[in-house]
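Visitor: got a sequence here, can you build the structure:
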Amino acid sequence: SGFQTVTEGGKAAAGSADFEIFGVIREFSMNIGGRDEVSIVVETTLRDTRGGGILWSGAVAEKADRYAGVTGNTRSSIARYLSGALAKVTAKTRDAIGASIRQTYPERFDQAAAAAARDATPGVTVLVAPPGRMSASQAARPGMTGQLATTTIPARAKVYVGDVYYGLSPLKLALEPGIYTIHFKLVAFKTATEKVSVRQGETTELEIRLKR
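Guide: Next up, the predicted model:
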């Protein structure tokens, strides 16, 4: 994705990486029965090694099934099916991490627009992704972003920008200018969804009354 990587045994000096990626495989299974059922869940965390903060943390899941056909499965067809499911999880995780880095440090990373504009893979959902803070670069250059101020009645609803969880309402976020889909979730209330426009240097206020 255009990032220089530092791996064990690489030429770069130890500790020279700007970011560290680590995670855990929560589920990795395939059940061959009436239908071939695959289930993969991988949790990943992106850490800023300079400041020590967590830039992105999330779990990406791929759960699918298929009919193998009248000819059935072979070792190679099973391997291709499982590898394809894993590739979807990897691509979604890569795109989320890359977008987080680009948004946090826009002056340091000028990534190709193609990766950011890539369509989300159907069937892959970001389950948890709480960055929960404004980046230092955004705070230093507020004119480059816009503000989204959200409130809900009742308060303390979970606020999602797209699939990414940012915190509990009331909440104020610094976002790049653009159109965003905001979701509000609270136990015992219906999920509320609104589309908002965030403009550079301006504050967009959004108040939602949740319904039971």
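Visitor: what about residue 80, which SS state?
Guide: helix (DSSP: H, G, I helix; E, B strand; the rest coil).
Visitor: ok, now how distant is it from residue 63?
Guide: Distance, residue 80 to residue 63, by Cβ to Cβ, to the nearest Å: 18 Å. Backbone N, C-alpha and C define where each C-beta goes, glycine included.
Visitor: and for residue 147?
Guide: Distance from residue 147 to residue 63, by Cβ to Cβ: 37 Å.
Visitor: quick revisit: of residue 80 and residue 63, which one has the most company?
Guide: residue 63 (15 against 11; other Cβ atoms under 10 Å).
Visitor: which of the helices or strands spans the more buried one?
Guide: Using DSSP states H and E, residue 63 falls within strand 54-66.
Visitor: residue 148: neighbour count?
Guide: 23.
Visitor: give me the number of residues near residue 94?
Guide: The tally of other residues near residue 94 (other Cβ under 10 Å) stands at 17.
Visitor: that one belongs to a helix, doesn't it?
Guide: Yes. Residue 94: assigned to a helix according to three-state DSSP.
Visitor: for it, report the pLDDT, please.
Guide: pLDDT recorded at residue 94 is 85.
Visitor: could you do residue 201 as well?
Guide: Looking at residue 201, the pLDDT reads 82.
Visitor: distance of the spatially closest residue to residue 48 that is not a sequence neighbour relative to residue 20?
Guide: Leaving aside its chain neighbours, residue 48 sits nearest to residue 55 (5.5 Å; criterion: Cβ to Cβ, 6 or more residues apart in numbering). Distance of residue 55 to residue 20, given as Cβ to Cβ: 10 Å.
Visitor: is residue 193 bridged to anything, and to what?
Guide: residue 183 (DSSP bridges).
Visitor: ok, it touching residue 182?
Guide: Yes. Applying Cβ atoms under 8 Å as the test, residue 193 and residue 182 come out as touching, 7.0 Å apart.
Visitor: circling back to that earlier point, of residue 55 and residue 20, who's got more company?
Guide: residue 55 (19 against 12).
Visitor: residue 173: what's it in contact with?
Guide: Residues near residue 173 by Cβ atoms under 8 Å, 6 or more residues apart in numbering: 134, 147-148, 150, 161, 166.
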